[in-house]
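Chemist: this is a predicted model, with the sequence first.
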Amino acid sequence: MPRTVILGVIGSDAHVVGITILEQALSAAGFEVVNLGVQTSQAEFADAAKAHGAEAVLVSSLYGHARQDCEGFHDLLDSEGLDVLTYVGGNLAVGQDDFESTRETFREMGFDRVFDAETDPEDAIADLRRDLNLTTTEGEQVRVDS
Ligand code: B12
């Protein structure tokens, strides 16, 4: 059974290229991806995670307002009874001078992993496999064109 992950760009952010690449990489790695697209609210992430029985929610933000957009997100997930892995990535702060402090901020907000804009999707996928206790090949789908 493919493992389901929710992907989207939070808040009013309209940068779509990054999640398109992430969606392709995750799908190629065998994950079932529900891509909510850009300008996704916290409630839409939570509703989709519940509706699809997702194991992970991947939040993207590029425009510098991630902190405000993600405020209270984990309280919402908790109140919905959702025990999912949460990743956040992109240009999470204005500037990005000190990513370690940005990482710390988002870890304190409850995210399991925090990625900067230089992240290779394959590295995030390797982390996802590790966090979901998947073996390297488990979940991979062999696609045969016929
Ligand atoms: C194209 C672009 C736009 C286009 C977007 C078109 C579209 N619909 O996608 C337009 C012109 C609309 C735009 C608008 C704005 N933009 Co703009 N934009 C860019 C630009 C040049 C490229 C973004 C891109 O497509 N990159 C290519 C993809 C492949 O890379 P990526 O998005 O970084 O995604 C990768 C990683 O970040 C990572 N990743 C992303 N999310 C996640 C999530 C997880 C969980 C993981 C693991 C990894 C991950 O993996 C992705 C794939 O490799 C960047 C600058 C840059 N060079 O990055 C600025 C940039 C993101 N924009 C910026 C800004 C400020 C804006 C505006 C606010 C400008 C304004 N004042 O109007 C608006 C915001 C509008 C809105 N509502 O969103 C700033 C953000 C500054 C910050 N955070 O400090 C940037 C960095 C430019 C800059 N140097 O100032 N933008």
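Modeler: Perfect, I can see it now.
Chemist: going forward, measure contacts between C-alpha atoms and count neighbours the same way
Modeler: Noted.
Chemist: what's near enough to touch the spatially most central residue of the chain?
Modeler: Per CA atoms, centre = their mean, the C-alpha nearest to the average position across the chain is that of residue 58, at 1.0 Å. Going by CA atoms under 8 Å, 6 or more residues apart in numbering, residue 58 touches 5-8, 86-89.
Chemist: let's have these in CSV, adding secondary structure.
Modeler: CSV is the format used below for these (DSSP: H, G, I helix; E, B strand; the rest coil):
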residue, secondary structure
5, strand
6, strand
7, strand
8, strand
86, strand
87, strand
88, strand
89, strand
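Chemist: what is the nearest of those to residue 35?
Modeler: Using CA to CA, residue 7 is the member of these that lies nearest residue 35, at 4.8 Å.
Chemist: any idea how far that closest one is from the ligand?
Modeler: 8 Å (CA to the nearest ligand atom, to the nearest Å).
Chemist: do you know how far that residue is from residue 74?
Modeler: According to CA to CA, to the nearest Å, residue 7 stands 16 Å off from residue 74.
Chemist: which one's more surrounded, the two?
Modeler: Ranked by neighbour count (other CA atoms under 10 Å), residue 7 and residue 74 place residue 7 first, with 28 against 19.
Chemist: pLDDT value on that one, please?
Modeler: Looking at residue 7, its pLDDT is 98.
Chemist: I'd say it and residue 19 touch.
Modeler: Yes - at 7.2 Å, residue 7 and residue 19 qualify as touching, with contact defined as CA atoms under 8 Å.
Chemist: what sits in contact with each of the two?
Modeler: Taking CA under 8 Å, 6+ apart as the contact rule, residue 7 and residue 19 both touch 35, 37, 60.
Chemist: other residues contacting the strand or helix carrying residue 76?
Modeler: Under DSSP states H and E, the secondary-structure element containing residue 76 is helix 73-79. Helix 73-79 has contacts (CA under 8 Å, 6+ apart) with 42-43, 46, 83, 109-111.
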